[in-house]
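Enquirer: how would this look folded up:
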Amino acid sequence: MSPKIQEQFGRDPHTSAGGTTEKKLVPFGGYYTNRIPGHDPELTEVGPGTPAGEYLRRFWHPICMSMELTDTPRFLKIMGEELVAFRDGSGRIGVLHAHCVHRGASLEYGKIEQHGISCCYHGMVFDVDGTCLRVPFPEGEEEEGERYRCSIRQGAYKAFERNGLVFAYMGPPEQEPPFPQWEGDFTVAEGDELVPYSNFQHCNWLQVQDNAADNYHTMALHAKRQVTGEHYQGTTFDEVGAATMEVPPDMQFVPVHGGRGLACAGARRADDGHMHIRVQHQVLPNFSLHAYTSEDGKKKKLFSRFHMIRWTVPVDDHNSKMIGWRVMGPGIDTRGIGDKSLVGYETIDFLEGQVAMRRPERFGKYKLEDMPPIPSDHRARENYKDAQYAPGDYEAIISQRPIAIHALENPTKFDAGLYVFRKLLRDAIRGSNPNAGPEQFAQWLRECAGHPNSYCSGNVFDLPVGRTTQEEVTLRRHLARQVVQILTEADGMKGDERAGFVMQKMEALQQDVLARRQA
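Expert: Sure thing, here's the model as predicted:
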């Protein structure tokens, strides 16, 4: 409280003599909770030179979809930097600073050449690594032009394409890490495929990443009871026949891989005969692997693998992208729920409400291959009232403010996952966990040949409900912890050997629980 206000009204009765605010639960006491503290800059701000920004820049990130690279350059903003991405005539990917090093004109208006891109203003040509290839100088003055050409270089980042996504590394080139190809093939079964998508989020990257570690919210946000007046729009798991996902899970959160990631194991009862153990895997700094999103839990299933692969990529401090792959096909989607025709730019199939634009507008006005304009504000959307009736992840995440205020949160124990992950991130940024530092992280990837194992898995056990409430609580917590322990024991194995070991151990776990029950 400012000195002038204190003088006029007296000291705030809820501020101690030392100046700290005491928490008071006062009826109609909004006046005493209307002070909004600042956000957490160490974790949320991502520009060059910021703690989180510098850490993030030491990893590979998807920056756009391949379909965004057309016959004209694509303007992008990533981690606060203005960039252009393009595919030149020889098929190489270029990711350059947008503003020409000569006079600052944006290369988004440049012409894509057979090799590199030329600036519209004076015709200087830059290669994908930033080398200046040509400077137009008058006839007879070529030597001077050549000297100038050798004196400049456009800012550039290494990039490549993979399964419809464009990846870039924006850190020091001498510290480039391996690209982590999880388990070698992202566990894509024969007949399945990686389908790319990119969904813009009008908020800071960290609250989008927090949502991936918040496995508890499915029981409310994605439940039919949360929809107003039966205005169902496909935002709930019940609507896709996966009502088990609406059951409140008992969560266990275990840091893994030396604090480089977090296993989030949720145990929920599918019915009186089946226990569903779903393990999400969060990986520093902004990666997450998700088990089957449409599991009904009605049939035994051990070690089902990746269904959704996602990076949360900062655009700037107030905007971000959820960008990654859906794994489509019968190998993972055992119920045949997935719809490839709904996966792409500003759209994804597993639930409605993941992006600003709802499906009736996205597919009523545009085709899948189109790149529709992204709404500028969530309250200015045509579908605003529809979103109020049936909110999805997008509404819950972005409405936390453009940058969520951590100091105002009042978490329960089921929120522990996102707080553990924030601590892992903070420790990595500060260097207090050397295992998660950029150099050590890169070395770990080299040691596993760029193919680290993941804890991500969906598991359904044939186990009857506990005879008492306490027995049921003990059972689900024991199963969740043991599943993570089994996956840890198998981390030194690869491929079929690992899968066989895990399934054998999980089968033994089920039999052990049944034997104890009968005893």
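Enquirer: now the strands: where do they sit in the stretch 51-200 of the chain?
Expert: Along the stretch 51-200 of the chain, the stretches classed as strands by DSSP state E, counting those that start in this stretch are 60-65, 74-78, 81-87, 93-97, 111-112, 117-118, 125-126, 132-134, 156-162, 165-169, 193-201.
Enquirer: highest average neighbour count across these?
Expert: Most buried of the strands of the stretch 51-200 of the chain by mean neighbour count (mean count of other Cβ atoms under 10 Å) is strand 125-126; its value is a mean of 25. Where C-beta positions appear, they are placed from N, C-alpha and C, glycine not excepted.
Enquirer: which residues touch Val227?
Expert: Contact analysis of Val227 by Cβ atoms under 8 Å, 6 or more residues apart in numbering lists Gln233, Thr235, Thr236, Tyr389, Ala390.
Enquirer: what about the chain, any weak spots by pLDDT?
Expert: The chain contains residues with pLDDT under 70 at 1-23.
Enquirer: quick check: longest helix in it by residues?
Expert: Ranked by residue count, the top helix of the chain under DSSP state H comes out as helix 495-518.
Enquirer: so Pro111 touches Cys120, yeah?
Expert: One correction, residue 111 is Lys, not Pro. Yes: with contact defined as Cβ atoms under 8 Å, Lys111 reaches Cys120; the gap is 7.0 Å.
Enquirer: which residues are common contacts for the two?
Expert: Common neighbours of Lys111 and Cys120 are not found (criterion: Cβ under 8 Å, 6+ apart).
Enquirer: so the closest residue to Gly130 other than its chain neighbours bridges to which residues?
Expert: Of all residues not flanking Gly130 in the chain, Ala156 sits nearest, at 3.4 Å (Cβ to Cβ, 6 or more residues apart in numbering). Here Ala156 sits in beta bridges with Leu96, as judged by DSSP bridges.
Enquirer: what do you get for Lys321?
Expert: In this entry, Lys321 is beta-bridged to Phe200, Val313, by DSSP bridges.
Enquirer: neighbours of it, how many?
Expert: Number of residues near Lys321 (other Cβ atoms under 10 Å) recorded here: 25.
Enquirer: what's near enough to touch it?
Expert: So Lys321 contacts Ser198, Asn199, Phe200, Gln201, Thr312, Val313, Val315 (Cβ under 8 Å, 6+ apart).
Enquirer: now, among these, which is nearest to Arg359?
Expert: Ranked by distance to Arg359 (Cβ to Cβ), the contacts of Lys321 are led by Asn199 at 12.6 Å.
Enquirer: that closest one contacts Gly324, correct?
Expert: No: at 9.3 Å, Asn199 and Gly324 do not qualify as touching, with contact defined as Cβ under 8 Å.
Enquirer: hmm, back to that, need the strands of the stretch 51-200 of the chain in JSON lines with distance to Gly47, can you?
Expert: What follows is these, written out as JSON lines (distance: least, Cβ to Cβ, whole Å):
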{"stretch": "strand 60-65", "distance to Gly47": "15"}
{"stretch": "strand 74-78", "distance to Gly47": "11"}
{"stretch": "strand 81-87", "distance to Gly47": "8"}
{"stretch": "strand 93-97", "distance to Gly47": "14"}
{"stretch": "strand 111-112", "distance to Gly47": "28"}
{"stretch": "strand 117-118", "distance to Gly47": "25"}
{"stretch": "strand 125-126", "distance to Gly47": "24"}
{"stretch": "strand 132-134", "distance to Gly47": "26"}
{"stretch": "strand 156-162", "distance to Gly47": "15"}
{"stretch": "strand 165-169", "distance to Gly47": "16"}
{"stretch": "strand 193-201", "distance to Gly47": "18"}
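Enquirer: about what we covered before: I'd say the residue nearest to Gly130 and Ile117 touch.
Expert: No: assessed by Cβ under 8 Å, Ala156 is found out of contact with Ile117, at 10.5 Å.
Enquirer: overlap in contacts of these two?
Expert: Counting by Cβ under 8 Å, 6+ apart, the contacts common to Ala156 and Ile117 are Gly94, Leu96, Phe126.
Enquirer: so the first one touches Leu83, yeah?
Expert: What it means is Gly94. No: contact criterion Cβ under 8 Å: Gly94 and Leu83 do not qualify, at 9.8 Å.
Enquirer: ranges for the strands of the stretch 351-500 of the chain?
Expert: Using DSSP E, counting those that start in this stretch, strands in the stretch 351-500 of the chain cover 457-462.
Enquirer: end to end, how far does stretch 460-475 reach?
Expert: End-to-end distance for stretch 460-475: 14 Å, by Cα to Cα, to the nearest Å.
Enquirer: kindly report the same for stretch 292-305.
Expert: Span of stretch 292-305 from end to end, Cα to Cα: 7 Å.
Enquirer: one more: stretch 31-47?
Expert: End-to-end distance for stretch 31-47, by Cα to Cα: 35 Å.
Enquirer: same check on stretch 446-454?
Expert: 16 Å.
Enquirer: same check on stretch 284-303?
Expert: 23 Å.
Enquirer: roughly how far out does it sit from the chain middle?
Expert: Distance, stretch centre to chain centre, for stretch 284-303: 15 Å (Cα atoms, centre = their mean, to the nearest Å).
Enquirer: buried ones in that stretch?
Expert: Neighbour-count burial for stretch 284-303 flags 284-297, 301-303 (criterion: 16 or more other Cβ atoms under 10 Å).
Enquirer: just those residues: which are in strands?
Expert: Phe287, Ser288, Leu289, His290, Lys301, Leu302, Phe303 (DSSP state E).
Enquirer: and of these, the nearest to Gly229?
Expert: His290 (30.4 Å).
Enquirer: residues touching that closest one, list them.
Expert: Here His290 is in contact with Ala212, Gln280, Phe306, His307, Met308, Ile309, Arg310, Cys456 (Cβ under 8 Å, 6+ apart).
Enquirer: by neighbours, which of those residues wins?
Expert: Cys456 (29 neighbours).
Enquirer: with respect to His478, which of the contacts of His290 is nearest?
Expert: Closest to His478, out of all of these and judged by Cβ to Cβ, is Gln280, at 19.2 Å.
Enquirer: what separates Glu439 from Gly431, distance-wise?
Expert: Per Cβ to Cβ, to the nearest Å, Glu439 is found 10 Å from Gly431.
Enquirer: between those two, which contacts overlap?
Expert: Joint contacts of Glu439 and Gly431 (Cβ under 8 Å, 6+ apart) do not exist.
Enquirer: residue ranges of the helices in this protein, please?
Expert: Under DSSP H, the chain gives helices at 3-9, 41-44, 51-56, 142-149, 205-213, 218-221, 359-365, 384-389, 393-398, 416-430, 438-447, 469-489, 495-518.
Enquirer: for Tyr31, find the nearest of these.
Expert: The closest of those to Tyr31 is helix 3-9. By Cβ to Cβ, the value is 11.0 Å.
Enquirer: next, the contact list for Ser294, please.
Expert: By Cβ under 8 Å, 6+ apart, Ser294 lies in contact with Phe237, Val240, Gly241, Ala242, Asp333, Arg335, Ile337, Gly338, Phe350.
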